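Sequence and predicted structure, then a few things I'm wondering about:
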Amino acid sequence: MADHLEPRIEDQISAWRAYVSRPEAIDGRDVDELEDHLRGQIDRLAASGLDADESFLVAVKRLGGLDDLSREFAREHSDRLWKQLMIPGESRAPRTGGLVLAVGLAVAAALAIKIPALFGIRFGEDGDFYARFAALLVLPFLATYFLVRRRASVPTIAMVGVPFAIAAVVMAVYPFAPDGATLVLAATHVAVALWIVTGIAYVDGRVRSSRSRMDFIRFTGEWLVYLALIALGGGVLVALTMGVFSAISLDAEWFVEEFMVPCGVAGAVVISAWLVEAKQSVIENIAPVLTKLFTPLFTLLLLAFIVAGFLQGSLVDGGETEAFGQRDLLILFDIVLVVVVGLLLYALSAREPLAPPSLFDRLQLVMVVAALVVDIMVLVAMIGRIAEWGASPNKLASLGLNVILFANLAGAAWLQLRFTMRRAPFERLERWQTGFLPVYLAWASIVVVAFPPLFAFA
C-alpha cells in the first residue's frame, strides 16, 4: 500500500479523518485502522483503472457501508461530490416545498407589523415603539418557518424560543429615553442577536457543527441578495402605485407609507428565505459572482483609506485636521469593516473546501490585511476620542465591536496566509470564522441587556 497519494487526495483524506476523529465520535486508534482500510481501497481501485478522485469517492462509499461515521461525514458535508455516492436515492431537485407555509407566515408577519395600529401606534410616527419591537414582530415568523420545515425537536424549539422571550421582556421593560442612544443601540443589536438565534432554527439545533454554521452564513448571504432583489421590485411597484393614483388625482402616499412598505418588508423577510431554499441552484450562480466582484473593489477602498490616512497625517503625527477622528467617518468605516468580514465569510462559504489555494485566495489575504490595518487606525482614533471626550454608549459599543473585528481579522489573516502557503488546511480558516458567530451573539446581547442600565437608559 502506498503511504502517500497525490496532494489532492491527501487533502480529501485529511478532511475525512478530521471529521471521524472528533473526540465525541471515535477513538484515535480506530481512526488509524479505518484510514488504513480507506487507503487500501483507494490503492486497489486505482490499480483496477480508476483515477484518483474516482478511487477516493468509491472507497469512501464502501467504507461508509461498514462505518456509520463515514456516512454522517458525507451527510454533513452536503456540498461535497461524494454525497451523491454515500446517500443514494436522495433527490437532487431544488427544494421547492414550503411555499404555502412561507406565504402564510409572510402574511402573518405583515399583519403583526400592523397590529400596533389597532392601539393607535402608527408606523413612521411612533419610532420608539418600532425601534423596540420591529425585530420581535418579524423574526419569530422566520424562525417558525425553519422550525416547522426542519421538524425541530423540543430542545431546539426551546433554544430558539427562550432568547426571543428574553429579548421581548428586556425591550418592553427597559425605560429607554425617547430617541436615546441606548435605545438605538439596543434596537440594532437585538436584531443582530435574534438573527443569529434564528440561525439555530435554520441549522436545526446543530450549533456545534462548523459546517452547519457555515451553511447559515451561506444562507445569510443568499437571503440578502434575494431581499435586495425584492426591494428593487418593490421600489418599482411603489413608484407605479404613486404615479397611477396621482394621475387620477388621488393621494396614495398614506397607503404606501402605512401599508405597502411596512407589510411588504415584513413579508419579504420570510419569502426571501423560502426563495433561498427553493431556488438554491439559481442563487448559487449569483452570490459567488457578487463576492468576486466586490472583493477587489473593497480591497482598493481599504488601501486608498490607508494611504489617505498616512498622507493626511492625523493618526501619524497628530495633525490639526483630525479627520480620521470624526465620529461619522469612524461609523462609516465600521460599516466597511463589517462588510469586509461579510465578504470574507461568504467567499469562504461559497468555496470548494478541497480546492488548492488560488489567486482569489491571495487577493482575499490582501483585503484582510488591509482591513486589519484600517481597524487598527480606527481603534487608535476611537481610543483618542474616548480619552478626550469621555466614554459614551455609542463609543464603547463601537470600541467593543472593533476589538472583536480586530481579533477576527488577525486570526483570519494568519490562517489565510498559512493556507495560501499550503501550511494549514482550509478547514482551520473555516472553523475560525464560524467560531466567531457566538462571539458576535454574546457582544450583541451585552449591548442590549447591560448597556442601557449602565448608562441610565439615556
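Happy to help now that I have it.

going forward, measure contacts between C-alpha atoms and count neighbours the same way
OK.

For A456, the count of nearby residues, please.
Residues contacting A456 under the criterion other Cα atoms under 10 Å number 12.

Could I get the pLDDT score of it?
On pLDDT, A456 comes in at 89.

Need the phi and psi values for A177.
Backbone geometry at A177, expressed as degrees, to the nearest 10, gives phi -70, psi 140.

correct me, but it touches F455?
No - contact criterion Cα atoms under 8 Å: A177 and F455 do not qualify, at 10.7 Å.

Do you know the pLDDT at G97?
55.

can you check E257 too?
78.

what's the distance between it and A168?
With distances taken as Cα to Cα, to the nearest Å, E257 is found 26 Å from A168.

same thing with V107?
V107 sits at a distance of 21 Å from A168 (criterion: Cα to Cα).

same question, G49
For G49, the distance to A168 (Cα to Cα) stands at 63 Å.

Compare neighbour counts for these two and give me the winner.
Using other Cα under 10 Å, the more surrounded residue of G49 and A168 is A168, with 17 against 10.

Skip ahead from the helix or strand the more buried one falls within and say which helix or strand is next.
For A168, the host element (DSSP states H and E) is helix 154-173. Next along the chain after helix 154-173, taking DSSP H and E as the criterion, comes helix 181-202.

angle of that next one against helix 154-173?
For helix 181-202 against helix 154-173, the angle by axes from the mean of the first three to the mean of the last three Cα atoms, to 10 degrees is 170 degrees.

Which neighbouring elements make contact with the helix holding A168?
Here helix 154-173 touches helix 127-149, helix 181-202, going by 3 or more Cα pairs under 8 Å, 6 or more residues apart in numbering; DSSP states H and E.

Arrange the ones you listed in JSON lines, one row each, with mean pLDDT, distance to V439 and mean neighbour count as further columns.
Listed next are the helices and strands packed on helix 154-173 as JSON lines, based on pLDDT from 0 to 100; distance: least, Cα to Cα, whole Å; neighbours: other Cα atoms under 10 Å:
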{"stretch": "helix 127-149", "mean pLDDT": "90", "distance to V439": "20", "mean neighbour count": "21"}
{"stretch": "helix 181-202", "mean pLDDT": "93", "distance to V439": "10", "mean neighbour count": "23"}
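
Would you mind saying which of those helices lies nearest L118?
The closest of those to L118 is helix 127-149. By Cα to Cα, the value is 13.7 Å.

in the protein, which segments are predicted with low confidence?
Within the chain, the segments meeting pLDDT under 70 span 1-8, 17-31, 63-97, 120-127, 279-288, 309, 312-329.

Spell out the residue ranges of the strands in the stretch 351-458 of the chain.
Remark: no strands are assigned in the stretch 351-458 of the chain by DSSP state E, counting those that start in this stretch.

Pull out the buried positions in the lengthiest helix in the chain.
Counting by DSSP state H, the longest helix found in the chain is helix 210-247. Buried residues in helix 210-247, counted by 16 or more other Cα atoms under 10 Å: 210-227, 230-231, 234, 238, 241-242.

Tell me the first helix or strand C-terminal of it.
Going down the chain from helix 210-247, the next helix or strand is helix 253-255, by DSSP H and E.

Cool, thanks, talk later.
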